[in-house]
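> I would like the atomic coordinates for the input below:
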Amino acid sequence: MAVSVSKKALGIGLTDAAALLFIFAVPALSHLSALPFYLMDPMRVAVLGALLVSRNWKNGLALAVALPLFSFAVSGHPVFPKCLLIAAELSVNVLLFVWLSRAFCRFSAGRGASALDRASSVPSSGRAAVGVAAFVSILLSKVLYYGLKALVLSAGLMQTELVSTALMVQLAVALLISLGFALWWKK
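Just a heads-up that it's a prediction; the model follows:
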């Protein structure tokens, strides 16, 4: 009995496999090259990169939860409470991106639902609006992350500093990701 797989499903599967492989390889790449790839927010890059490629927000949301859990399962890092924080942050990032990009594209296009790709519920036009939506969604999800992390730290569930990656590095990564969305987002 032959199994038929659509091109879209195959593309999403390959994108997910690439994201998992990327997260699996980051520690080795950092060690071998002496470059701190872990500072470049690799899970966000993988999740939003997969969203950029697949244009499927449900898949992006699944990866947002799966990648931190996968990383914890294969390497024990991040520690489990931080793993949950990252999963929450990335999930909110995906949901905010979808909502903001729809709203910004509607506003910038001066029209309603016709600016949307109905199949994926992610806008197909308004590249600059999509770039701004990516940037704002990253910033808002980081605010949530640091708020939740402060609560976890004050409860004594983790022993670490509140901000471990310099805020300027995080801002630069957010800008680069947003620029990537603005440049590569197409119909």
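
> and the longest helix along the chain, how far out from the chain's middle?
The residue-count maximum for a helix in the chain (DSSP state H) belongs to helix 80-109. The chain centre lies 8 Å from the centre of helix 80-109; the measure is Cα atoms, centre = their mean, to the nearest Å.

> can you list the buried residues in that helix?
81-98, 100-102, 104-106, 108 (16 or more other Cβ atoms under 10 Å). Every residue, glycine included, has its C-beta placed from N, CA and C.

> what's the average pLDDT for that helix?
The average pLDDT for helix 80-109 rounds to 91.

> one more: stretch 151-167?
Averaging pLDDT along stretch 151-167 yields 93.

> likewise stretch 11-26?
86.

> same question for it: list its buried residues.
Applying 16+ other Cβ under 10 Å to stretch 11-26 flags G11, I12, T15, D16, A19, L20, F22, I23, V26 as buried.

> quick check: which element contains the fourth one?
Right, D16. Using DSSP states H and E, the element containing D16 is helix 7-33.

> roughly how far out does that helix sit from the chain middle?
Relative to the centre of its chain, helix 7-33 is centred 13 Å away, using Cα atoms, centre = their mean.

> save the buried residues of stretch 11-26 as CSV, and put in distance to V169 too.
Formatted as CSV, those follow (distance: Cβ to Cβ, whole Å):
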residue, distance to V169
G11, 31
I12, 30
T15, 26
D16, 27
A19, 21
L20, 24
F22, 19
I23, 19
V26, 15
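
> nearest to L67 among the residues you listed?
Ranked by distance to L67 (Cβ to Cβ), those are led by I23 at 5.3 Å.
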